[in-house]
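Participant: what follows is a predicted protein model with its sequence.
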Amino acid sequence: MRFDVLTLFPEMFSALTAWGVTGRACEHKLTSVNTWNIRDFCTDSRKTVDDRAYGGGPGMVMMAKPLEDTLLAMKAEHKRLGLETGPICMLSPQGKPFSQKIAKDIVNYGNLSLICGRYEAVDQRFIERNVDLELSIGDFVVSGGEIPAMALMDAVIRLIPGVLGDDDSADQDSFMNGLLDYPHYTRPEVYENLSVPDVLLGGHHAKIADWRRQRSLELTFKRRPDLINLARENGLLNQDDELFISSLQSAR
Ligand code: 21W
């Protein structure tokens, strides 16, 4: 799977391509992250990419032309290589909330292009003419689209077959089963007077599985009751789960 990223800060993407699981996926050619510096497609001598907003107000707006020229160069390169461009996505605070479900959809599209905004906004006419979908990574403010784009690509790259080993295969991840993860422990058995729960030391696999399921349900009920309802709607809760949830409700 190929990603093309339009950005004013291409060097930032080494955080994704040089390290850990995503770095290895790039080395093994399971994915590629190609950056396009919008600044390289400015025609004026000052290399201007932004200007003041019509109607006034604070902050600068990214101009449509340099962005569109970058996109044209990218599409020409795709054509030269015989590649399908695929959907064009912009990271934006106004976007639809990104989720594991959207990550799964994206990994099935094939290639994806990502537009990273900086400054206060991007000229709406560029968005109307070129952008297929707008995605946000949550209700908080960051300084530009680069870190959100990397978060999205990380989530998608993990879903490419062969990227994760069988051990940490993606379908064991929290959210894949619709619930938060249970607590984990490793050596030593006692750390600063805190012991590992007895059940995990007993080697009784069915009991351990039940304990973990209940801790998942308990934590999700407390912190993310919205996910309990979603898991129920998706048929991910069995009769034992429902009984345990009822016991949590009466304990409140
Ligand atoms: C943040 C640009 C805030 C402009 C209403 C009117 C991409 C992002 C971004 C940024 C503003 C994402 C305002 C979660 C994010 C991103 C840069 C507007 C004031 N509000 N997901 N004017 N959060 N952020 N600020 O910030 O480009 S995906």
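Facilitator: Received it, and whenever you're ready, just let me know what you need.

Participant: near the ligand, which residues of the stretch 101-250 of the chain show up?
Facilitator: Counting by Cβ under 6 Å from any ligand atom, the stretch 101-250 of the chain comes close to the ligand at 117, 120-121, 136-138, 140-145, 148. Yep, even glycine has a C-beta here, placed from its N, CA and C like the rest.

Participant: now the residues you listed in CSV, with pLDDT?
Facilitator: As requested, these are arranged in CSV below (pLDDT from 0 to 100):
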residue, pLDDT
117, 98
120, 96
121, 98
136, 98
137, 98
138, 98
140, 98
141, 98
142, 98
143, 98
144, 98
145, 98
148, 98
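
Participant: export those to a markdown table and tack on neighbour count and secondary structure?
Facilitator: Listed next are these as a markdown table, based on neighbours: other Cβ atoms under 10 Å; DSSP: H, G, I helix; E, B strand; the rest coil:
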| residue | neighbour count | secondary structure |
| --- | --- | --- |
| 117 | 24 | coil |
| 120 | 14 | coil |
| 121 | 18 | strand |
| 136 | 16 | strand |
| 137 | 20 | coil |
| 138 | 11 | coil |
| 140 | 7 | coil |
| 141 | 6 | coil |
| 142 | 13 | coil |
| 143 | 8 | coil |
| 144 | 16 | coil |
| 145 | 29 | coil |
| 148 | 22 | helix |
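
Participant: what is the nearest of the residues you listed to residue 244?
Facilitator: Of all these, residue 138 has the smallest distance to residue 244: 29.5 Å, by Cβ to Cβ.

Participant: residues contacting the closest one?
Facilitator: 97, 98 (Cβ atoms under 8 Å, 6 or more residues apart in numbering).

Participant: one more pass at 7 Å, please.
Facilitator: Residue 138 makes contact with residue 97, according to Cβ atoms under 7 Å, 6 or more residues apart in numbering.

Participant: against residue 183, how distant is residue 222?
Facilitator: Distance, residue 222 to residue 183, using Cβ to Cβ, to the nearest Å: 13 Å.

Participant: now for the nearest residue to residue 221 once chain neighbours are set aside, how many residues are close by?
Facilitator: The shortest distance from residue 221 to any residue that is not its chain neighbour, by Cβ to Cβ, 6 or more residues apart in numbering, is 5.1 Å, and that residue is residue 248. Summarising burial for residue 248: neighbours were counted as other Cβ atoms under 10 Å, giving 15.
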